[in-house]
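**Student:** Below are the sequence and a predicted model for it; my questions follow.
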Amino acid sequence: MKLFNSFILVLFTVLAAACAKQSTPMGGPRDEDPPRVIEMLPANQSVNIKPEDILITFDEYIELDNAAKNIIITPRINKDEIEITALKNTLSIILNQELEDSTTYVFNFQKSVADLSEGNPVENLKLVFSTGNTIDSLSFSGNVNYYFPDEQDKFEDIIIGIYPASDTTNVFTAQPYYLSETDSTGKFIINNIKPGNYKAYAWRDDNSNLKAEFKTEAFDFILDTISIQENIENVIFNLAKGDQTPIKLTRSAVTGRNYDLIFNKEPEDIKLTNEELGKSIFYSTGDKRIKLYSKSARLDSLLFTINIKDSVGYQVDTTIWAKFPESERKPEKITISANSGKSFYQTLPIELTFNKPLSTIKTDSLFITYDTASRIQIMPEMLSFEDSLRRTKLLLKIPIPDSIAFEIFTIKAADSTFFDIEDQFNEKEFTANYKKLKRDALADAVSGRIEGTAGPFIVQLLNAKGEINREIFLTNQNTFQFLLVEPGTYRIRVIIDTNNNKRWDPSNFSEGRYAEQVFYFTDPATGKKEIILRGGWTLEDQNIPVPPKTGIPNQEKSSVDN
């Protein structure tokens, strides 16, 4: 009996061990394999077919991630009519519309399909079929750049779209006929295009509606009609924002003792004509308006000729009769802001910005201090206005002798130093601090050449925050040099100032004008745009070749007349 009991005990132990070896431990290895396609209906690369629905079966349960956005269908169909569902291991697409004859359709699922358990996305999932007897095979590919890149400007959500040249819609009014998205480096390709003539666009689709927002989204376009009869490669788009809304004078009205001109967007170039301007009448800008101020109330209206341009070149040419009546309305108080915290060497550059035009400055109460007992009196010849018709930005250039061995310098304006055109004055003392740099702490110079194109140029030295530290304008030369620069990390930016107006101009879509080209110094060895400057350093030969413009290389071979 004991022998039998021992046998049973051994047998039970062996069976238990065997069962333990066959079971899967809790929390086993993670499933990292994406779902695998078992069947497609219709089959990939099918021809002579017009399906009413599409079924794709996988080897495991699936889920969809924002199918309406992430599934790209070309050419254009009405996505609002489509029903897309995932049930267990089957993806179902009911089209609810008639497809075009002799057309190749591409359903690019990107990463919209993933397994239900771990969320592993299916890579490179596409379905291609044709309603005719051939599969269209032409492609359109290239690269997208930003003119003004920042940390938020990644290459996600950038759409490249092409429209038939005969189509009356465009990137602002309708979804493209063919489209694709860029990869993480800005490269793109649109495949399976039918031979024909097209218009091409690129834009940052922030709101995912497959159209460009002409006020807020960065975009670019190719002016020429493109004949796609063979694969088109090396296409370049350069994205930049530029509100395409034409500027308009929406209303004008008396406000207190002043007169307001109110626009639908900020004016860029302002030209007002009246014989009293700059004498007894001045103006300020901001908040989409021009505010006219008169030193005194007037019984009669004054005629002003107005010529206003916005940033993309639209303009307003008109005349108005402005009134400056007596008013009991209390004037707005004067406010002052400064470019405080700036570093300088030898000459202290100060900018004071006011909310209203100044009428009087009492320089005897305006001075620079650098210790508790020492001061530098600011003289009238040290002052100037950026614009004599506005008198809202005061520029001061104060020479600081090297013999003064202090680092922090403070501008001080006692109360009642500044009087504006409405006889308001600063009620409190105003101060702002600046830091003087030592010569041996400065980099001696950074210089280079712009190669491959002619000017005029705007060359900017940008600090680590992307702010303009220095700026020079080149009209008849392509070499640049920045002297005595504070140590730090910088970028060098070049703008081809086509119209020589000393600022960058965005594109004008309706007038068919490209944005002015923008590019940066890039180290040919490292590919980095940043340069590092240290005290006593001189960086030479920071040469900047001009990159390709928006468009297609050898464009005359691949485009047709509009």
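**Tutor:** That came through, no problem.
**Student:** What is the burial count for the residue lying closest to Gln460 once chain neighbours are set aside?
**Tutor:** Ranked by Cβ to Cβ, 6 or more residues apart in numbering and with sequence neighbours excluded, the top spatial neighbour of Gln460 is Arg493, at 4.5 Å. Using the backbone N, CA and C atoms, a C-beta is placed for each residue, glycine as well. Arg493 has 22 neighbouring residues, counting by other Cβ atoms under 10 Å.
**Student:** cool, Leu533 as well?
**Tutor:** Applying other Cβ under 10 Å, we find 21 other residues in the vicinity of Leu533.
**Student:** pLDDT score for it?
**Tutor:** We note a pLDDT of 96 for Leu533 in this prediction.
**Student:** is it true that it touches Arg491?
**Tutor:** No. Leu533 is not in contact with Arg491 according to Cβ atoms under 8 Å; the separation is 11.5 Å.
**Student:** helices or strands next to the helix or strand harbouring Ala445 in the packing?
**Tutor:** With secondary structure defined by DSSP states H and E, Ala445 is part of strand 443-451. Of the remaining helices and strands, those touching strand 443-451 by 3 or more Cβ pairs under 8 Å, 6 or more residues apart in numbering; DSSP states H and E are strand 457-462, strand 479-485, strand 488-496, strand 531-533, strand 538-539, strand 544-545.
**Student:** okay, those strands in a markdown table with distance to Tyr178 next?
**Tutor:** As requested, the helices and strands packed on strand 443-451 are exported to a markdown table (distance: least, Cβ to Cβ, whole Å):
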| stretch | distance to Tyr178 |
| --- | --- |
| strand 457-462 | 37 |
| strand 479-485 | 42 |
| strand 488-496 | 31 |
| strand 531-533 | 41 |
| strand 538-539 | 46 |
| strand 544-545 | 32 |
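**Student:** Tell me which of those lies nearest to Pro380.
**Tutor:** Counting by Cβ to Cβ, Pro380 lies closest to strand 479-485 out of the helices and strands packed on strand 443-451; the figure is 28.1 Å.
**Student:** got the buried residues for that closest one?
**Tutor:** The neighbour-count check on strand 479-485 (16 or more other Cβ atoms under 10 Å) flags Phe480, Phe482, Val485 as buried.
**Student:** Specify the beta-bridge partners of the second one.
**Tutor:** On the basis of DSSP bridges, Phe482 is bridged to Val446.
**Student:** tell me the contacts of it?
**Tutor:** Phe482 makes contact with Ala445, Val446, Ser447, Leu461, Arg470, Ile472 under the criterion Cβ atoms under 8 Å, 6 or more residues apart in numbering.
**Student:** Now the buried members of these.
**Tutor:** Burial of those was assessed by neighbour count (16+ other Cβ under 10 Å); the buried members are Val446, Ser447, Leu461, Arg470.
**Student:** How much space separates the closest residue to the third one other than its chain neighbours from Ala212?
**Tutor:** Setting aside the residues directly before and after it, Leu461 is nearest to Arg470 in space (Cβ to Cβ, 6+ apart), at 4.2 Å. The spacing between Arg470 and Ala212, counted by Cβ to Cβ, to the nearest Å, is 34 Å.
**Student:** Would you mind measuring from Glu471 to Leu395?
**Tutor:** Using Cβ to Cβ, one gets 15 Å for the distance from Glu471 to Leu395.
**Student:** next one: Asn543
**Tutor:** If you measure Asn543 against Leu395 using Cβ to Cβ, the figure is 34 Å.
**Student:** Can you tell me what sits against the strand holding Ala445?
**Tutor:** Around strand 443-451, the neighbours that count as contacts under Cβ under 8 Å, 6+ apart are 457, 459, 461, 474, 478-487, 490, 492, 494, 521, 531, 533-546.
**Student:** repeat that for 10 Å
**Tutor:** Among residues not part of strand 443-451, those counted as contacts by Cβ atoms under 10 Å, 6 or more residues apart in numbering are 457, 459, 461, 470, 474, 477-488, 490, 492, 494, 496, 519, 521, 531-546.
**Student:** Give the PyMOL command for selecting the buried subset of the residues you listed.
**Tutor:** Selection command for PyMOL covering only the buried members of these, criterion 16+ other Cβ under 10 Å:
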select buried, resi 457+459+461+470+474+478+480+482+485+486+490+492+494+496+519+521+531+533+539+542+544
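**Student:** Bridged to Thr489, which residues?
**Tutor:** For Thr489, the beta-bridge partners are Ile532 (DSSP bridges).
**Student:** just checking, it touches Asn463?
**Tutor:** Yes. The criterion here is Cβ atoms under 10 Å, and Thr489 meets it with Asn463 at 7.5 Å.
**Student:** neighbour-wise, which of those two wins?
**Tutor:** In terms of neighbours (other Cβ under 10 Å), Asn463 is the more surrounded of Thr489 and Asn463; the figures are 15 against 12.
**Student:** How about that one: what's its closest non-neighbour residue?
**Tutor:** Closest residue in space to Asn463, ignoring its immediate chain neighbours: Asn469 at 4.8 Å, by Cβ to Cβ, 6+ apart.
**Student:** Assumed the one you found was part of a helix.
**Tutor:** No. Read with DSSP: H, G, I helix; E, B strand; the rest coil, Asn469 is strand and lies in no helix.
**Student:** circling back to that earlier point, closest one of the buried residues of strand 479-485 to Asp440?
**Tutor:** Val485 (13.4 Å).
**Student:** contacting residues for that closest one?
**Tutor:** With Cβ under 10 Å, 6+ apart as the criterion, the residues that contact Val485 are 345, 437, 442-446, 461, 463, 469-470, 533, 535, 537, 539.
**Student:** does the residue nearest to Gln460 really touch Leu461, like I thought?
**Tutor:** Yes. In terms of Cβ under 10 Å, Arg493 counts as a neighbour of Leu461; the distance is 8.1 Å.
**Student:** Overlap of the contact sets of the two?
**Tutor:** Contact with both Arg493 and Leu461 is made by residues Ile468, Glu471, Phe521, according to Cβ under 10 Å, 6+ apart.
**Student:** and those as a markdown table, adding distance to Asp153 and pLDDT?
**Tutor:** Written out in a markdown table, the entries for those read as follows (distance: Cβ to Cβ, whole Å; pLDDT from 0 to 100):
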| residue | distance to Asp153 | pLDDT |
| --- | --- | --- |
| Ile468 | 18 | 95 |
| Glu471 | 22 | 97 |
| Phe521 | 19 | 97 |
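**Student:** Domain parsing of this structure, as residue ranges.
**Tutor:** The domain map for the chain lists 37-130, 138-239, 249-322, 336-437, 440-544, with the assignment taken from automatic domain parsing.
**Student:** so what's Gln517 closest to, chain neighbours aside?
**Tutor:** Using Cβ to Cβ, 6+ apart and skipping the chain neighbours, the partner closest in space to Gln517 is Ile496 (4.5 Å).
**Student:** what about the helices in this protein?
**Tutor:** Counting by DSSP state H, the segments of the chain that form helices are 2-22, 67-70, 555-558.
**Student:** average pLDDT for the longest one?
**Tutor:** Translated: helix 2-22. Per-residue pLDDT values over helix 2-22 give a mean of 42.
**Student:** isn't Glu530 right up against Tyr490?
**Tutor:** Yes. In this structure Glu530 lies within contact range of Tyr490 using Cβ under 10 Å: 7.1 Å.
**Student:** what do those two both touch?
**Tutor:** Common contacts of Glu530 and Tyr490, defined by Cβ under 10 Å, 6+ apart, comprise Leu462, Ala464, Phe521.
**Student:** Around the closest residue to Ile398 other than its chain neighbours, count how many other residues there are.
**Tutor:** Ranked by Cβ to Cβ, 6+ apart and with sequence neighbours excluded, the top spatial neighbour of Ile398 is Leu348, at 4.2 Å. Other residues within reach of Leu348, judged by other Cβ under 10 Å, total 20.
**Student:** Asp53 too?
**Tutor:** Considering only other Cβ under 10 Å, Asp53 is surrounded by 13 other residues.
**Student:** what's the spacing between the residue lying closest to it once chain neighbours are set aside and Ala67?
**Tutor:** Nearest residue to Asp53, sequence neighbours excluded (Cβ to Cβ, 6+ apart): Ile94, at 4.6 Å. When distance is defined by Cβ to Cβ, Ile94 is 13 Å away from Ala67.
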